[in-house]
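Enquirer: I'll drop the sequence and a predicted model, then ask my questions.
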Amino acid sequence: MAHAHPSAQVTTDTQDTQRPRVTPHPLVRHQVVIVGGGTAGITVAARLRRAAKHLDLAIIEPSTKHYYQPLWTLVGGGVFPKEASEREEAAVIPAGVTWMRDAVTEFDPDHNAVVTREGKRVSYDFLVVAAGIQIDWDKVQGLKEAIGRGGVCSNYAYEYVSYTWECIRNFSGGNAIFTMPNTAIKCGGAPQKIMYLADDYFRRSGVRDRARVIFASAGSGIFAVKKYAVALNRVIARKGIETFYQHNLVEVRAERKEAVFERLDTHEQVVFPYDLLHVTPPMSAPDCIKRSPLANEAGWVAVDKYTLQHVRYPNVFSLGDASSLPTSKTGAAIRKQAPVVVTNLLATMQGKPLSARYDGYTSCPLVTGYGRLILAEFDYDLQPKETFPFDQSKERYSMYLLKKYGLPALYWHGMLKGRA
C-alpha cells in the first residue's frame, strides 16, 4: 500500500476493512499570515492591503471584540463608559483579508507554519507576529481571587475597568495604593495616570485630607526620560503623593486588606494596609511565543530593533508588545513600527535591501488630572522626540483634549485603516 501523505488521515472503511480511505487534512496556506488582530496586526494588514492589493493575507485572532485600550485610563477615572472603547473585531478587519477566528498555539518557523488551537496547520511565505502581551494575574499571590471586589481594582482588563471608577467614586479615606510591577507592561505610564485622576477626584469629593495616596513601584524612578521625570516629580510634590520605589507587589491578602511588597534593593518584604488598591499586574510574552524558536532569552520575538525583521528567520517580522524592541509598549510606538514592517516585508518579498528603519519612537500621553496632560514622546536613546512646537513637558488642557478626543479618532479612522 502506498504511504499516505503526511497531511492526510487514514481511516478504516466500515464497508471494506481491506480498503483504507484517505481523508485529506485541511491544508491551510496563505502568502502572509499575521498572528494577532489587535492594534499591531490590524494596522499592518490595512497598510499591506493599501500597498499591495494582490497579496493573500490572513489574520489569526480568537477574539470577537477589539478594544482601544488607551481609553481605559479615562474609563477608570469616570470620564467614559467602557463600551466607548469597544468595537466588533469583524468591523476592523480590512476588506479582502481572511480572518481565521482561532488562536496560534505553536510556531514552526523552520517549516514556515503555525499550529492553531483548533488543530489547523497554517503555512505561510511570510509571517508577522503581533500577538500582544500576556497579563499574568496569577504571578501575584492572591490577586486573581481578590481582583474586582473589596477595593482591589485594575484598568488592565475590560471586565475590571469599571470597578476602578466604582472604587474611586466610593472612596471615603485611608490608603489608596497604586502599583507598578517589575516586568515590561503595556503603556508604562498608565499605572500613575489613574493615580493622578484619583487624587483629583478625592479633592473634588472632599476626602483627600483623609487619604494617603501611595505610588508603590518596582521601578527606580517615576519616568525613564529625565525631562518628563522632572515635570512628573513636580506633579507628585504638588499633589502630596508618597512614592515607594523598588517595591514590587508579590501578594494581596484580601481578607486583611493588606498588600505585600518585596523591596528589590534589600529583598525584604513590607506590608501596606489598603482601602483602595489599583494593581498593574505583571506581564510577559505570550506562552506560545516563549516556548517557540522565535523567542529570545526573555521570551519576546527576537527582531532587529531597526528593521523589525527576525534575527534568524528573514521571512518573519514582529512589532508591538510581543516583539523584543527595547522601547515602551504603546499604540503610538506601533503607529511608527507598522510602516517599517510593511516596507521591509515588501522589500524582502522582492529580494531588495531593507530600507526602512525604526528609531524607537514611542509616546505616552501622561494624564496628570482632569483636563491636564503631559505628552511624553521619545526614542531609543530616551531623548525627547516631540511633535508640537512647544514644551510638551508642561501640563496642558489642549493635550488632554487630544488624548480624550483626537487620539481615539486617529486610532479608529486612521491607524486601523492604514492611513495614519
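Expert: Nice, I can see it.

Enquirer: all the helices of this protein, residue numbers only.
Expert: 39-51, 72-76, 89-92, 143-146, 158-170, 190-204, 226-239, 287-290, 331-349, 397-401, 407-413 (DSSP state H).

Enquirer: do you know which of these lies nearest Ala376?
Expert: Proximity to Ala376, assessed across those by Cβ to Cβ, is greatest for helix 226-239 (4.4 Å). For glycine as for every other residue, the C-beta is placed from the backbone atoms N, C-alpha and C.

Enquirer: what about the residue nearest to Thr343 when sequence neighbours are not counted, neighbour count?
Expert: Leaving aside its sequence neighbours, Thr343 sits nearest to Ala356 (Cβ to Cβ, 6 or more residues apart in numbering; 3.8 Å). Counted with other Cβ atoms under 10 Å, the neighbours of Ala356 add up to 17.

Enquirer: and for Ser63?
Expert: Ser63 has 12 neighbours, counted by other Cβ under 10 Å.

Enquirer: surely it touches Ile42?
Expert: No. Ser63 sits out of contact with Ile42 when judged by Cβ atoms under 8 Å, with a separation of 11.6 Å.

Enquirer: point out where the protein drops to low pLDDT.
Expert: 1-26 (pLDDT under 70).

Enquirer: got the domain boundaries for it?
Expert: Structurally, the chain divides into domains by automatic domain parsing as follows: 27-133+285-349, 138-284.

Enquirer: any chance of those domains in a markdown table, plus distance to Tyr405?
Expert: Shown next, in a markdown table, are these (distance: least, Cβ to Cβ, whole Å):
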| stretch | distance to Tyr405 |
| --- | --- |
| domain 27-133+285-349 | 11 |
| domain 138-284 | 17 |
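
Enquirer: of all those, which one is nearest Ser393?
Expert: Nearest to Ser393 among the domains of the chain is domain 138-284; the distance by Cβ to Cβ comes to 4.2 Å.

Enquirer: I'd like the distance from that closest one to the chain centre, please.
Expert: The chain centroid and the centroid of domain 138-284 are separated by 19 Å under Cα atoms, centre = their mean, to the nearest Å.

Enquirer: do me a favour and get the end-to-end distance for that domain?
Expert: End-to-end distance for domain 138-284, by Cα to Cα, to the nearest Å: 12 Å.

Enquirer: just the CA coordinates for stretch 410-420, please, in PDB.
Expert: Written as PDB, here are the backbone C-alpha positions of stretch 410-420 (Å, rounded to 0.1, in the frame of the first residue of the first chain):
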ATOM      1  CA  LEU A 410      -6.900  58.800  14.800                       C
ATOM      2  CA  TYR A 411      -6.900  55.200  16.000                       C
ATOM      3  CA  TRP A 412     -10.300  54.100  14.600                       C
ATOM      4  CA  HIS A 413     -10.300  56.100  11.400                       C
ATOM      5  CA  GLY A 414      -6.500  56.500  10.700                       C
ATOM      6  CA  MET A 415      -4.300  53.700  12.100                       C
ATOM      7  CA  LEU A 416      -6.700  50.800  11.700                       C
ATOM      8  CA  LYS A 417      -7.500  51.900   8.200                       C
ATOM      9  CA  GLY A 418      -3.800  52.100   7.200                       C
ATOM     10  CA  ARG A 419      -4.000  55.800   6.700                       C
ATOM     11  CA  ALA A 420      -2.100  57.200   9.700                       C
END
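
Enquirer: what separation do you get for Lys305 and Pro326?
Expert: 6 Å (Cβ to Cβ, to the nearest Å).

Enquirer: between the two, who's got more neighbours?
Expert: Lys305 (16 against 10).

Enquirer: nearest spatial neighbour of the more buried one, skipping sequence neighbours?
Expert: Leaving out its chain neighbours, the residue that sits closest to Lys305 by Cβ to Cβ, 6+ apart is Leu325, at 5.5 Å.

Enquirer: what's the answer for Ile241, then?
Expert: With Cβ to Cβ, 6+ apart as the criterion, Ile241 has its nearest non-adjacent residue at 4.8 Å, and that residue is Val213.

Enquirer: that neighbour pairs with what?
Expert: Val213 forms beta bridges with Ala176, as assigned by DSSP bridges.

Enquirer: so it makes contact with Arg238?
Expert: No. Here Val213 does not reach Arg238: they are 12.0 Å apart, not a contact under Cβ under 8 Å.

Enquirer: between those two, which one's more packed in?
Expert: Val213 (21 against 12).

Enquirer: give the intersection of the neighbour lists for Lys305 and Pro326.
Expert: Both Lys305 and Pro326 are in contact with 360, 380, where contact means Cβ atoms under 8 Å, 6 or more residues apart in numbering.

Enquirer: touching, Val342 and Leu48? I think so.
Expert: Yes. Under the criterion of Cβ under 8 Å, Val342 makes contact with Leu48 at 5.6 Å.

Enquirer: coming back round to it: how about the contacts made by the residue nearest to Ile241?
Expert: Counting by Cβ under 8 Å, 6+ apart, Val213 makes contact with 176, 178, 195, 198-199, 202, 239-242.

Enquirer: quick check: closest non-adjacent residue to Arg357.
Expert: Tyr306 (4.6 Å).

Enquirer: same check on Leu249?
Expert: Thr179 (4.6 Å).

Enquirer: one more: Glu242?
Expert: Sequence neighbours aside, Ile214 is the residue nearest to Glu242 in space, at 4.9 Å (criterion: Cβ to Cβ, 6+ apart).

Enquirer: ditto for Leu71
Expert: Ser85 (4.2 Å).

Enquirer: likewise Lys336?
Expert: Nearest non-adjacent residue to Lys336 (Cβ to Cβ, 6+ apart): Tyr361, at 4.5 Å.

Enquirer: next up, phi/psi of Asn182, please.
Expert: Dihedral pair for Asn182: phi -100, psi 30, per degrees, to the nearest 10.
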